[in-house]
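Q: Would you be able to build a 3D model of this:
(one chain, ligands or ions: 1)
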Amino acid sequence: MIDKLIRKIEENKAPIVVGLDPMLSYIPDHVKEAAYKEKGETLAGAAEAIWQFNKAIVDSTYDLIPAVKPQIAMYEQFGIEGLIAFKKTVDYCKEKGLVVIGDIKRGDIGSTSAAYAMGHLGKVQVGNNSFYGFDEDFVTVNPYLGSDGVVPFIDVCKEEKKGLFILVKTSNPSSGEFQDQLIDGKPLYELVGEKVAQWGELHMGSEYSYIGAVVGATYPEMGKILRKIMPKTYILVPGYGAQGGKAEDLVHYFNKDGLGAIVNSSRGIIAAYKQEAYAKFGQTAYPDASRQAVIDMREDIMSALVNAGK
Ligand SMILES: O=C(O)c1cc(=O)[nH]c(=O)n1[C@@H]1O[C@H](COP(=O)(O)O)[C@@H](O)[C@H]1O
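A: Residues are numbered from 1 along each chain as shown. Prediction:
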């Protein structure tokens, strides 16, 4: 799957991911009204609204992008109905040829991680039958529990030819509280980066490993160091746009080959119609606003890469 992701990044000249994080407050009124008319102001109505919202955004952007990243919390908040919308979104994006990164941030004791891995990437056995659960292509993993919490995910990836993005340095303001703590003079995120690189070396696609890392766009100096520590690791970079990450800071997350990183934007794309720059599209044409925001993001990142000689 890492090779498919890289191929699609190259084909589209777009090292970007659209984050499908559909808060109800981002969904235009006409979409919510139609969903509530059909299913009521209920959890099912909310789930219908987020599904219709996602579908329109995917329809207007899928030809420009390699991948999407649905963040499961935005669906889980609506219970089972929300999870059905998550699954419909995953399946629809795959039908459109997109690589799907399930942002689930899981990680637990070994046996529990194995169940998460089976449910999201692999198959579950029921009597003589086996079934895929959510069936994303990649998932995000929290490594705080150590190797035995991560290895079950790696095992399933190996079998299913899928991949992971392991949290190394997150984009949020408090991420340093634990991640920057020094252990024998080295920050914890560097130790985690070294471990991710080791796992990666043992699990290679053609050029890059299918065991990737998450490094936030908001800590560019750390991103530069982590790029060196993990040369064959694909880095998922959240925090561009809404959280303040800038294209010129992100060039260091890429290797000289112009590959090695993929930048996520969620609110900046899906709620583009709410921004001043895209206000001319209005609520009704929100998918067109998202399309323009994808084009602008691609241009922003590609020209920063060209300026940096990558
Ligand atoms: O794993 C992630 O994707 C992630 C890691 C991280 O360090 N920071 C981070 O913002 N994210 C996710 O990336 C998305 C960022 O959304 P926007 O800030 O709206 O672009 C959300 O889905 C977050 O959950």
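Q: what's around V168, how many residues?
A: Applying the criterion other Cβ atoms under 10 Å, we find 30 residues in the vicinity of V168. Where you see a C-beta, it was placed from the backbone N, CA and C, and this is true even at glycine.
Q: which residues touch the nearest residue to it once chain neighbours are set aside?
A: Closest residue to V168 apart from its sequence neighbours, by Cβ to Cβ, 6 or more residues apart in numbering: A213 at 4.4 Å. By Cβ atoms under 8 Å, 6 or more residues apart in numbering, A213 lies in contact with 165-168, 193, 196, 226, 230, 233-236.
Q: Show only the entries of these found in strands.
A: Using DSSP state E, the members of the contacts of A213 that fall in strands are 165-168, 235-236.
Q: quick one: the helices in the stretch 201-310 of the chain?
A: 220-229, 247-250, 267-270, 286-307 (DSSP state H, counting those that start in this stretch).
Q: Just checking the second one against the ligand, any contact.
A: No. Contact of helix 247-250 with the ligand (Cβ under 6 Å from any ligand atom) is absent, the minimum separation being 13.0 Å.
Q: Quick check: beta-bridge partners of the residue nearest the centre of the chain?
A: Nearest to the geometric centre of the chain sits K69, at 3.6 Å (Cα atoms, centre = their mean). Beta-bridge partners for K69, by DSSP bridges, are G19.
Q: number of nearby residues for whatever residue of the stretch 1-150 of the chain ends up closest to the ligand?
A: For the stretch 1-150 of the chain and the ligand, the shortest gap (Cβ to the nearest ligand atom) falls at Q71, measuring 3.6 Å. For Q71, the count of nearby residues is 22 (other Cβ under 10 Å).
Q: Correct me if wrong: it contacts R267.
A: No. If you go by Cβ atoms under 8 Å, Q71 and R267 don't touch, sitting 10.8 Å apart.
Q: who touches both of those two?
A: Residues touching both Q71 and R267 (Cβ under 8 Å, 6+ apart): 19, 21.
Q: Can you list the helices and strands that the helix or strand bottoming out on mean pLDDT in the chain packs against?
A: One helix or strand of the chain scores below all others by mean pLDDT, DSSP states H and E: helix 247-250, with a mean of 92. For helix 247-250, the packing partners by 3 or more Cβ pairs under 8 Å, 6 or more residues apart in numbering; DSSP states H and E come out as helix 220-229, helix 286-307.
Q: buried set for that helix?
A: Residues of helix 247-250 classed as buried by neighbour count (16 or more other Cβ atoms under 10 Å): 247, 249-250.
Q: ditto for stretch 246-263
A: Buried residues in stretch 246-263, counted by 16+ other Cβ under 10 Å: 247, 249-255, 258-263.
Q: can you pull the contacts of the residue nearest to G45 when sequence neighbours are not counted?
A: In space, and not counting its chain neighbours, G45 is closest to K39: 4.0 Å by Cβ to Cβ, 6+ apart. Counting by Cβ under 8 Å, 6+ apart, K39 makes contact with 45, 47-48.
Q: so which strand or helix has G200?
A: If you go by DSSP states H and E, G200 is part of helix 188-201.
Q: coming back round to it: quick one, phi/psi of the residue nearest to G45?
A: With angles defined as degrees, to the nearest 10, K39 sits at phi -120, psi 0.
Q: Please work out how many residues are found near V306.
A: By the criterion of other Cβ under 10 Å, V306 has 11 neighbours.
Q: pLDDT score assigned to it?
A: On pLDDT, V306 comes in at 94.
Q: just the one 3 residues further on next, same as before
A: Here the pLDDT value assigned to G309 is 90.
Q: for Q71, same thing?
A: You'll see Q71 listed with a pLDDT of 98.
Q: for V251, same thing?
A: Note on V251: pLDDT of 95.
Q: Which residue lies closest in space to it, excluding its sequence neighbours?
A: Nearest residue to V251, sequence neighbours excluded (Cβ to Cβ, 6+ apart): A308, at 4.0 Å.
Q: Contacts only, for the one you found.
A: A308 neighbours (Cβ under 8 Å, 6+ apart): 248, 251, 254.
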